[in-house]
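Student: No sequence on hand, only this structure:
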């Protein structure tokens, strides 16, 4: 963070110097050459010092520090080992990530689900309601829960699942993603919200 503040201070100084040089055309003919030389020095400073430092800071922010890297690994491990079935979805129900427990519940490998709409794993009659609820959560209309069915041989589809949906707003993401927790439905539980 100190490097970013130092860079900001140096950039502010650079901008003040450039502002002063803007008055160079109004100077007498004899004084213009030194102002032009100073302007060229400032341009060289911007190209050779400021821009590379900006690129370093941007790359460092993108990589994150050692603590952030450790937290990221810890959260990834927690997500993978969580005994509860969870999936991260976009507003169109496309799976961004799915843990192994969710893969077992849905009857697919977790990696296979990634990039595919979760509605493809649901019974036809559950798809529209699920899609609408995920979209509502992604729009910021609050957490939701509903019962869906997996495809199956019975008249009303196969296994019933209770799905709880909540919005997450991770840094570096343009919008919300939806966390879906999948659990076996309790008989007699309400199907809606």
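Tutor: Perfect, I can see it now. Keep in mind that what you see is a predicted model, and the values were worked out from it rather than measured.

Student: Would you map the helices across this protein?
Tutor: Listed in chain order, the helices of the chain (DSSP state H) span 2-21, 29-45, 51-63, 66-81, 100-106, 110-113, 124-138.

Student: Show me the residue at the heart of this protein, geometrically.
Tutor: residue 173 (2.7 Å; C-alpha atoms, centre = their mean).

Student: any idea how far that residue lies from residue 118?
Tutor: According to C-beta to C-beta, to the nearest Å, residue 173 stands 18 Å off from residue 118. Where you see a C-beta, it was placed from the backbone N, CA and C, and this is true even at glycine.

Student: What is the least confident helix or strand in the protein?
Tutor: helix 51-63 (a mean of 73; mean pLDDT, DSSP states H and E).

Student: circling back: can you say which of the helices of the chain is nearest to residue 88?
Tutor: helix 66-81 (8.5 Å; C-beta to C-beta).

Student: for the residue sitting furthest away from the middle of the chain, what are its contacts?
Tutor: Computed with C-alpha atoms, centre = their mean, the maximum C-alpha offset from the centroid of the chain is found at residue 30, amounting to 56.4 Å. Shown in contact with residue 30 (C-beta atoms under 8 Å, 6 or more residues apart in numbering): no residues.

Student: one step back: and the helices of the chain: which comes nearest residue 167?
Tutor: That would be, of those and by C-beta to C-beta, helix 124-138, which comes in at 5.1 Å.

Student: gap between residue 101 and residue 53?
Tutor: 45 Å.

Student: wait, residue 39
Tutor: For residue 39, the distance to residue 53 - C-beta to C-beta - is 20 Å.

Student: sorry, back to before: more neighbours: which of residue 101 and residue 53?
Tutor: The neighbour count for residue 101 versus residue 53, taken as other C-beta atoms under 10 Å, is higher for residue 101 (18 against 15).

Student: Across the sheet, point out what pairs with residue 86.
Tutor: Per DSSP bridges, the residues bridged to residue 86 are residue 181.

Student: How about stretch 119-137, which residues are buried there?
Tutor: Using 16 or more other C-beta atoms under 10 Å as the test for burial, stretch 119-137 gives 119, 121-123, 126-127, 129-131, 133-134, 136-137.

Student: So which of those is the closest to residue 180?
Tutor: Using C-beta to C-beta, the buried residues of stretch 119-137 come closest to residue 180 at residue 134, 7.5 Å.

Student: That closest one contacts residue 178, correct?
Tutor: Yes. The pair residue 134 / residue 178 is scored as a contact, 5.3 Å apart, by C-beta atoms under 8 Å.
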